[in-house]
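Enquirer: Sequence first, predicted coordinates after that:
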Amino acid sequence: MSGHSTYEPKNPLAKWFDKQLPILSMSYDFMVFPTPKNLNYLWTFGGILSMCLVIQLVTGIVLAMHYTPHVDMAFSSVEHIMRDVNYGWLLRYIHATGGSMFFIAVFVHILRGMYYGSYKAPREILWILGVIILLLMMMTAFMGYVLPWGQMSFWGAKVITSLFSAIPFVGDWVVTLLWGGFSVDNPTLNRFFSLHYLMPFVIVGAVALHIWALHIPGSNNPTGVSVKSGQDTVPFHPYITMKDGFAAIVFLVLFAFFVFYKPNYLGHSINYEIADPLKTPEHIVPEWYFLPFYAILRAIPDKLGGVLAMAGAIVILFFLPWLDTSRVRSAKYRPIFRQFFWLFVIDVVILGFVGANPPEGWWITVGQFATAYYFAHFLLIIPLVGLIENPKPLPASISESVLANHPKGEPAAQPAE
Amino acid sequence: MSTLDSHDSERRDFLYIGTGAFAAVGTAMAAWPFIDQMNPDASVKALASVEVDLAPIEEGQSITISWRGNPVFIRHRTAKEIEEAKSVPIADLPDQDARNANIDDGSPATDVNRVIEGKEKFLIMLGVCTHLGCVPVGEAGEFGGWFCPCHGSHYDTAGRIRKGPAPENLLVPPYSYASDTLVKIG
Amino acid sequence: MKTLAKFLTAAALSTALLAGPALAAGKVKNAKDIAFSFEGPFGTFDRAQLQRGFQVYQEVCSACHSTDLLSYRNLGDHGGPEFPEAQVKAVAAEVEVQDGPNGDGEMFDRPGRPSDKFKAPFSNDNEARASNDGALPPDLSLITKAREGFHYPWYVSPFIKMWTGNGGPEYVHAVLTGYTDPPEKEADHAPEGKSYNAYFAAGPWISMAPPLTEDGVEYSDGTKASVDQMAKDVSAFLAWAGEPKMEERKTMGLRVMIYLLILAILMYLIKLKLWRDVEH
């Protein structure tokens, strides 16, 4: 996307068109974009995420044709979709499961970036755009979960919007503003529906910027070593497109398994009970993808502190490129960081379990330790490890590292990682 | 990057084309639910028929009721109106098809074919102009029947198109008499 | 799959016993697992069972519980009890439905039609409470999806439930058959008019008196109407009521899975061929 296109349309009509609107040469540049040839399957999640976004958009637009955003009708209109609308059950289950699939893919994508140091120069803006997309996704998912107007929808909305009441001085005013009333009610549902419809298009915009920012430096790769020559790359099409396509189909198998065989596994039973503003369910928890953050919220025995910690857990990601002091990108050549990376993953899983369980007994202690570790990972471990670690020698180029993997020069059937 | 052997490229082409076709078929099939969801759903299709008591409708009076979201005209016709409708030669009609859901398709548009025999007094038809869907006005137009103000279609006292852009007679919906004066539409 | 689940459950429970306090928190008893015909990736509803279950629902449950999301026409739907059309019409016609206003502006009652929703026993929640000593009989449309019969320790729950599900139908069966005399220490402070039921989610005291009695209904297919049988049948019926498109979903699922697996293989072959001569 940078520089001048080498594409010259042969057809005079195409030539005329491309001169005025260079979509053809832009698409061509996309297709031939030089991509590191040593990418492993973790790099296919960018494509998978684009697919998830399109699936959510298409099913969502269609569901909105049948859904009624009114407290008296929302719940039954969702059931109307499930029972009466042609293939409505399919569309709704795809959309509901799709939310979870989207987060599975985005977490893999983020962890891949963390492991291989994809956030480091010259890709800080790319990383920051990614964190913005994550935030937008979380907002969209949260508001979408409110729409079926079940018990968990309602109480989730109430609890999460009430977080803003922790803001000093103006908190209560902000919460009333968000609700459009004195509790979560019809105005709240209406605005959540409006914003839930709007946000995905904002995400599309952010994704466009994310991809643009990717095409300036090009993809990182498992060695973390920058591309040195044409020897290191393959054209995006057909090499990467077909590989991404294969990975996307495999991902769809998992997706379809949940849609057709376990459509309610990732949700909450209690959300099949209609919202009752007078009765809180015994045990309220957010969707699984919010559980680690929910655990961080509850780990701090102070209202404002908990909210700040939860927000901080995401905000800290923005600073990751500057917290990391190592000159080496890929954890492949960082023996100490690699261990801590996996400890971090385990810590987040523990936080997930803490978030899913009632804040009683030793869960509280575990949650507090895990929360402390979460922040320590970013604020202490990453800066310090970068300073004291003695990285392994880096290959001179991607091609050299590839040759080292196959010393006899035999073609590889599988990527190394 | 390297080039492929020529004998390989043939097999690769087949694999490419085969997979492409397979994926295209799958995509087309996956598109169907997204289209079909716009069709009337099960609750709409199951919508009940309406029953109307004709007894209170006096001669020369019309009522309009709603059936499946559309107006249905029920007119208790006067003897004069019936006479007028019967006197029109079929050959003079722009649309010579009865357009009656209760009799065979393609029956001629005689007056008796527009109603149920023996109940000629009651004309029951959809109040939807066959031009572009407006609701015609009753006892109006050049033929004393209905007149559509949107684009000037004139219908006669049997609801047949006589003049104007509408291509067809006003449609007669499926209906039957549950008793002498009770009619069930749909 | 069932055996695996049982094994995992047993393993979980034994470790839980060692862990001790972890399990003590849960006070609701685990519902007994039932091998329903609709379980598993190929499971379908047993039509005869759904029809019997509807009979139990109609003669027993519907006296107090509404099922607002069902219409009479659903009883004839493909993948459901599949009652013949005439029978669906007859069932619908048994109830009086308010319609109107008529030409004089008055509401009137008419016999029900297949397109009508199931008639609720009470016109609103307050009337339902007033008629049931203050307790609201929940709507049954989604009861098998809104309740969970299975409870496992936290460290195995997400994994076991992948196989067993939440046990919603089992929960309904367990509550219907789970009435017992209260343990001695509980008996003294028994709330008036309530029964003891260790399976009831908000329990153990439940406002619903034991609804099923031996031979409480007379099955036309000759099945012995034991309490256990009736409870199983009505649980199956309610499982269908909650998920009426289940059979369509599984049928389509199998086709989609086969399609995707073939496409995945084809894509993998393409990928292999393409990359065969690239060092990577």
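Expert: Yep, that arrived.

Enquirer: Look up how far chain A lies from the residue nearest to residue C:34 when sequence neighbours are not counted.
Expert: Spatial nearest neighbour of residue C:34, chain neighbours left out: residue C:170 (5.5 Å); criterion: Cβ to Cβ, 6 or more residues apart in numbering or on different chains. Yep, even glycine has a C-beta here, placed from its N, CA and C like the rest. Note on residue C:170: its distance to chain A, by Cβ to the nearest Cβ, to the nearest Å, is 13 Å.

Enquirer: was I right about residue C:170 contacting residue C:39?
Expert: No. Residue C:170 is beyond contact range of residue C:39, at 10.1 Å (criterion: Cβ atoms under 8 Å).

Enquirer: can you pull out the helices in chain C?
Expert: Taking DSSP state H, the helices of chain C run over residues C:2-19, C:21-24, C:47-59, C:85-93, C:125-131, C:143-146, C:157-164, C:168-177, C:184-187, C:227-242, C:246-275.

Enquirer: got it, and chain B?
Expert: For chain B, the helices defined by DSSP H occupy B:6-36, B:42-45, B:79-87.

Enquirer: Specify which residues of chain B, grouped into ranges, have pLDDT under the cut-off.
Expert: B:1-12, B:48 (pLDDT under 70).

Enquirer: what ranges do the strands span in it?
Expert: B:50-53, B:62-67, B:70-76, B:122-126, B:137-138, B:146-148, B:153-155, B:161-163, B:175-177, B:182-185 (DSSP state E).

Enquirer: so who does the residue of chain A found nearest chain B touch?
Expert: At 3.5 Å from chain B, residue A:87 is the closest residue in chain A, using Cβ to the nearest Cβ. Contacts for residue A:87 (Cβ atoms under 8 Å, 6 or more residues apart in numbering or on different chains) come out as B:32, B:33, B:34, B:36, B:37.

Enquirer: if you set the cut-off to 7 Å instead, what comes out?
Expert: The neighbourhood of residue A:87, defined by Cβ atoms under 7 Å, 6 or more residues apart in numbering or on different chains, consists of B:33, B:36, B:37.

Enquirer: Just give the closest residue to it, not the sequence neighbours.
Expert: residue B:33 (3.5 Å).

Enquirer: Tell me the residues of chain B that contact chain A?
Expert: Counting by Cβ under 7 Å from any Cβ of the partner chain, chain B comes close to chain A at B:1, B:33, B:34, B:36, B:37, B:39, B:41, B:42, B:43.

Enquirer: What count of nearby residues applies to the fourth one?
Expert: By the other Cβ atoms under 10 Å in any protein chain shown criterion, the neighbourhood of residue B:36 contains 13 residues.

Enquirer: what's the burial count for the closest residue to it other than its chain neighbours?
Expert: Leaving aside its chain neighbours, residue B:36 sits nearest to residue A:86 (4.4 Å; criterion: Cβ to Cβ, 6+ apart). Neighbourhood size, residue A:86 [other Cβ under 10 Å]: 18.

Enquirer: rewinding a little: double-check the residue nearest to residue A:87 against residue A:89; I have them as touching.
Expert: No. Using Cβ atoms under 7 Å, residue B:33 makes no contact with residue A:89, being 9.8 Å away.

Enquirer: So which of these two has more stuff around it?
Expert: A count of neighbours by other Cβ under 10 Å puts residue A:89 above the other of residue B:33 and residue A:89, at 23 against 19.

Enquirer: dump the residue contacts of the more buried one.
Expert: A:82, C:245, C:249.

Enquirer: Now do the contacts for whatever residue of the stretch 251-400 of chain A ends up closest to chain C.
Expert: In the stretch 251-400 of chain A, the residue found nearest to chain C is residue A:260; the distance is 2.7 Å by Cβ to the nearest Cβ. Counting by Cβ under 7 Å, 6+ apart, residue A:260 makes contact with C:249, C:250, C:252, C:253, C:256.

Enquirer: again, only this time at 8 Å
Expert: By Cβ under 8 Å, 6+ apart, the contact set of residue A:260 is A:93, C:249, C:250, C:252, C:253, C:254, C:256, C:257.

Enquirer: Surely the last one and residue A:258 touch.
Expert: No. With contact taken as Cβ under 8 Å, residue C:257 and residue A:258 are classed as non-touching, separated by 11.7 Å.

Enquirer: Domain ranges for chain B, per the record?
Expert: B:1-39, B:45-185 (automatic domain parsing).

Enquirer: Now do the same contact list for the residue of the stretch 101-250 of chain A found nearest chain C.
Expert: At 3.8 Å from chain C, residue A:246 is the closest residue in the stretch 101-250 of chain A, using Cβ to the nearest Cβ. Contacts for residue A:246 (Cβ under 8 Å, 6+ apart) come out as A:44, C:264, C:267, C:268, C:270, C:271.
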